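# have a look; sequence and predicted model below, questions after that.
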Amino acid sequence: MTVRDPTPVPEHPSLEEVYEATPFSEAFWTYVNYIILNIFGWFRDFLRRTRIENRKGSAEYNPSGFVPLYQSYESFYTRNVYQRIADCFNRPIGGVPGGKLDLMERVTEDYNWSFNFTGNKITTINLGSYNYLGFANNNGPIADNVIESIKENGLATASSTQEFGNLKQHRKLESLVAQFLGTEDAIAFGMGFATNALNISSLCGKGCLILSDELNHTSLVLGARLSGAVIKVYKHNDMKHLERLLRDSIVSGQPRTHRPWQKILIIVEGVYSMEGSLCKLPELIELKKKYRAYLYLDEAHSIGAMGSRGRGVVDYWKCDVNDVDVLMGTFTKSFAAAGGYIAGKKELIDHIRINSHACAYAISMSPPVVEQIISVLNLLIDDDETREGRKRINQLAWNTRYFRQRLSKMGFIVYGHPHSPVVPALLYSPSKIAAFNREMLKRGVSVVTVGFPATPLVLGRVRFCLSASHTKEMLDDVLKYAEEVGDLLNMRQSKLNPKKPFHETELIAH
Amino acid sequence: MTLNDHPTFLRHKLSYTYKNCHWKTMLSYIRRFFKFIHWLYLQYLLNTALYMLEPWERLLFSTLLFAILSTALYSALVFLPHHVRSMIQFYS
C-alpha cells in the first residue's frame, strides 16, 4: 500500500450537515415502484398459493393453534422485493477485503432464487468494507505478530473473563486502549454488539432513564431494552428536543410514583453509519453538565477514523475525555479485528468487571485477535508524523474531504458531515439501488446499496465507505464511473449543487 | 439489432446521398439518438420497477399499460371534438 502525502484539499466552505429535501419526482416514482411491486407481489403469491407456480422460498404450514413463525409483511417483502435483487446483496468474496476486493462471479438461472459459481474472480475497487485505516490485509508485520501469538497463546481461551480467560495479553490490550484514549482504565470484550447489549444493563436498571437518539444502532436499542430502564427517544441530533425531554423528565420524575430518577443516561453514537452524521459533542457535554446526566458515547465507526490523532470524536471536537462518562467502541472497523471495549474511570471499569454479564458468561477475546489490536494500537499511539499510523490517519482524512467534495459537486445528493468517512449518496427507489449496484460492478467497483428496512422507505441509498488504502487514482476512477452511472440512472439531481461534469469539479487548493 | 449489423448497407446508402466526410458525423448522430431511446427505455423500466421484474411480467405490465393508454387516446380523439362543441353550444 503506498501512502503518500498528496496535494492539499481546500476546506469545505461550511461544516454544517446539510440534508437536502427529496425531489418530488423521486419520491413520486419511488412510491409508484412500491405500489407496482406490491401488486406483482400479490399476483405472484396468488400464483404460488394455487400451485400454478413452484414455491421456492421457505414457507410455513401455519397449523392452527400455533403462533405464526414469520411476520407476514416482512416475509412478503423478502419474497417479492428483496429476493428479486438478491444478487446485489451478500456476495461471496474470494480474498481479503482491502482496498481492492476479489468477488466470486455468480450466475443465476431462476431469477436470483439460487446461484451458481462460474469459477471466475472479479477484481473490484472495494468501497463496501469498514476498513477505514486500511489494516485489512493478511500479510505484513502485523500478520506475522498474530501468527507468533497463536504459537504462544493458542487460538482460544475457552473460558470466561472472570474465570481463566483473562490472560496477560488482555491486560496489556486494556492498558493500551486506556492509554490511546486518555482514560484511566478500559475493558475489552469479544463481540462489539455484545459490548452494548450486555453492559448497559450493568449501568442502568429499573428506576433509571435512558435518552437515546432516534438512529441508534440495534445493539444500543437491545441493551437499553434489556436493562429495564425507561427509554425516551429524541429526534436525531436535535439538542433542543433532548433538552426539552430532559427538563420534562426531571420535573415529572418516574412514571407513576413521581420519585426522582436514580440516574439519567444519554446514549449517542460518534458517527452514525447510515447517515454519515456526527454527534454534537460539545453541546451534549454542556447539556449533561447542566442537568447532571451521564453520557454514553458509542464510537464504533469513529474510533481511529476521526480526529487529527485518530482518537475518535472526542479528539475531533477537541473536548475533554473526562467529560464523557462511558466511552465505548469496537475493534471491528478501524482496527481490522473483532470485539469491543468500554473505557472510562477506574471505578466504572471495576464495577463492569464484576457485574457485567459478558465478563461472567461470555468467552474472552481470542489471543490472535488481541495481538492484532495490540499491534495496530502500537502503530496508532505513535505520534510521529512520518510513521505509519499518522500517515494512514492523514490519508483517510484527505480521502474523505476529496471524495465528498467532488461527489457533491457532481450533483449527487449526499448526506452527512463533510468530515465523516461514511458517504451516503441518495438513490431513493429500490430499482435504482439494484441498477446502481449492478452497473458499478460491471465497471469494477463494489459498493453497498441499502434500501428499506435499514433506511426509511423512500430513502434508499448507496453508502461509500472510504479507506486509507484507497489512492487518489482509485478514487478518481470511482468518481468517473459514478458520474457515468449517475447519468444513466438520472440521479444527479441536487438543487444545492447543480451537476457539473467530472473534469470541472477539480478541487483547487488556495 | 444495431446499426453495426448492417455496415455495408448503410455505407452503400449514404455514399449516394452524402459526401465521405459527412457520413461519419451522421452515423454518430444516429448512434446518439438510439442511445437516447435506450436511455428513455431504461428510465421507464427504473421508474415503474419493471427493472426488477421478470421478462414475462414486463410484457404483461407493458401490454396492460399500452392497452389502457391507447383506449384513452382513441376515446379522446373520437369523442372530444363533439363534446367540446356541445359544451360551447350549451354555455353560449
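Received it, and whenever you're ready, just let me know what you need.

# with adjacent residues omitted, what lies nearest to residue A:378?
residue A:176 (7.4 Å; CB to CB, 6 or more residues apart in numbering or on different chains). Quick note: C-beta positions are derived from backbone N, CA and C, even for glycine.

# after the helix or strand hosting the one you found comes which helix or strand?
Assessed by DSSP states H and E, residue A:176 sits inside helix A:168-181. Going down the chain from helix A:168-181, the next helix or strand is strand A:185-189, by DSSP H and E.

# tell me which strands that next one pairs with, and in which orientation.
strand A:340-344 (antiparallel) (DSSP bridges).

# what's the angle from the partner strand to helix A:168-181?
Here strand A:340-344 runs at an angle of 60 degrees relative to helix A:168-181 (axes from the mean of the first three to the mean of the last three CA atoms, to 10 degrees).

# so which residues make contact with the longest strand anywhere in chain A?
Using DSSP state E to define each element, chain A has its longest strand at strand A:116-126. Strand A:116-126 has contacts (CB atoms under 8 Å, 6 or more residues apart in numbering or on different chains) with A:92, A:94-95, A:97-109, A:441, A:444-446, A:467, A:470, A:474, A:477-478.

# show me just the buried residues among those residues.
A:97-106, A:441, A:445-446, A:467, A:470, A:474, A:477-478 (16 or more other CB atoms under 10 Å in any protein chain shown).

# circling back: buried residues of the longest strand of chain A, list them for me.
The neighbour-count check on strand A:116-126 (16+ other CB under 10 Å) flags A:122, A:124-126 as buried.

# need the CA coordinates for that strand. CSV is fine.
The C-alpha trace of strand A:116-126 is given here as CSV (Å, rounded to 0.1, in the frame of the first residue of the first chain):
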residue,chain,number,x,y,z
ASN,A,116,-24.0,-21.0,-9.3
PHE,A,117,-20.4,-20.0,-9.3
THR,A,118,-18.7,-19.7,-12.7
GLY,A,119,-15.3,-20.1,-11.1
ASN,A,120,-14.1,-16.6,-12.1
LYS,A,121,-13.0,-13.9,-9.7
ILE,A,122,-13.8,-10.3,-10.4
THR,A,123,-11.3,-7.8,-9.1
THR,A,124,-13.1,-4.7,-7.9
ILE,A,125,-12.2,-1.5,-6.0
ASN,A,126,-13.8,-2.1,-2.6
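
# which SSE is immediately downstream of it?
Following strand A:116-126 in sequence order, the next helix or strand is helix A:141-153 (DSSP H and E).

# same for that following helix, what does it pack against?
Packing contacts for helix A:141-153, counted by 3 or more CB pairs under 8 Å, 6 or more residues apart in numbering or on different chains; DSSP states H and E, involve helix A:367-381.

# the helix it packs on versus helix A:168-181: what angle between them?
Using the same axes, to 10 degrees: helix A:367-381 against helix A:168-181 is 30 degrees.

# what's helix A:367-381 packed up against?
Against helix A:367-381 (3+ CB pairs under 8 Å, 6+ apart) you get helix A:141-153, helix A:168-181, helix A:388-409.

# let's have the ones you listed in TSV, adding mean pLDDT and mean neighbour count.
What follows is these, written out as TSV (pLDDT from 0 to 100; neighbours: other CB atoms under 10 Å in any protein chain shown):
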stretch	mean pLDDT	mean neighbour count
helix A:141-153	92	14
helix A:168-181	94	18
helix A:388-409	90	22
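
# residue A:258 touches residue A:252, doesn't it?
Yes. Between residue A:258 and residue A:252 there is a contact under CB atoms under 8 Å: 6.4 Å.

# quick one: the helix or strand where residue B:71 lies to chain centroid distance?
Residue B:71 belongs to helix B:55-91 when assigned by DSSP H and E. Distance of helix B:55-91 from its chain centroid, counting by CA atoms, centre = their mean, to the nearest Å, is 18 Å.

# each with direction, which strands does the longest strand of chain A pair with?
strand A:100-107 (antiparallel), strand A:445-446 (parallel).

# pull the residues that contact the longest one.
Going back to what we said before, that points to strand A:100-107. With CB under 8 Å, 6+ apart, strand A:100-107 has contacts from A:87, A:91-95, A:115-126, A:128-129, A:441, A:446.

# what's the burial count for residue 70?
Using chain A here. Neighbour count for residue A:70, taken as other CB atoms under 10 Å in any protein chain shown: 13.

# ah, I was thinking of chain B
10.

# now residue B:35
Residue B:35 - counted by other CB under 10 Å - has 10 other residues nearby.

# now do the SS call for it.
helix (DSSP: H, G, I helix; E, B strand; the rest coil).

# mind checking the SS state of the nearest residue to residue A:221 once chain neighbours are set aside?
Nearest residue to residue A:221, sequence neighbours excluded (CB to CB, 6+ apart): residue A:212, at 7.1 Å. Following three-state DSSP, we place residue A:212 in the strand state.

# before we move on, what about the one 3 residues further on?
Secondary structure, three-state DSSP: residue A:215 is coil.

# for chain B, see how far away it is.
27 Å (CB to the nearest CB, to the nearest Å).

# what do you get for residue A:102?
In terms of CB to the nearest CB, residue A:102 sits 27 Å off from chain B.

# what about residue A:349, neighbour count?
Neighbour tally, residue A:349, other CB under 10 Å: 21.

# tabulate the CA atom coordinates of the host helix or strand of it in CSV.
Using DSSP H and E, residue A:349 falls within helix A:346-355. Taking C-alpha atoms only, helix A:346-355 is exported to CSV below (Å, rounded to 0.1, in the frame of the first residue of the first chain):
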residue,chain,number,x,y,z
LYS,A,346,-11.3,3.1,37.1
GLU,A,347,-14.4,2.8,39.4
LEU,A,348,-16.6,2.3,36.4
ILE,A,349,-14.4,-0.3,34.8
ASP,A,350,-14.0,-2.2,38.1
HIS,A,351,-17.8,-2.2,38.5
ILE,A,352,-18.2,-3.6,35.0
ARG,A,353,-15.6,-6.2,35.6
ILE,A,354,-17.5,-7.6,38.5
ASN,A,355,-21.1,-7.0,37.4
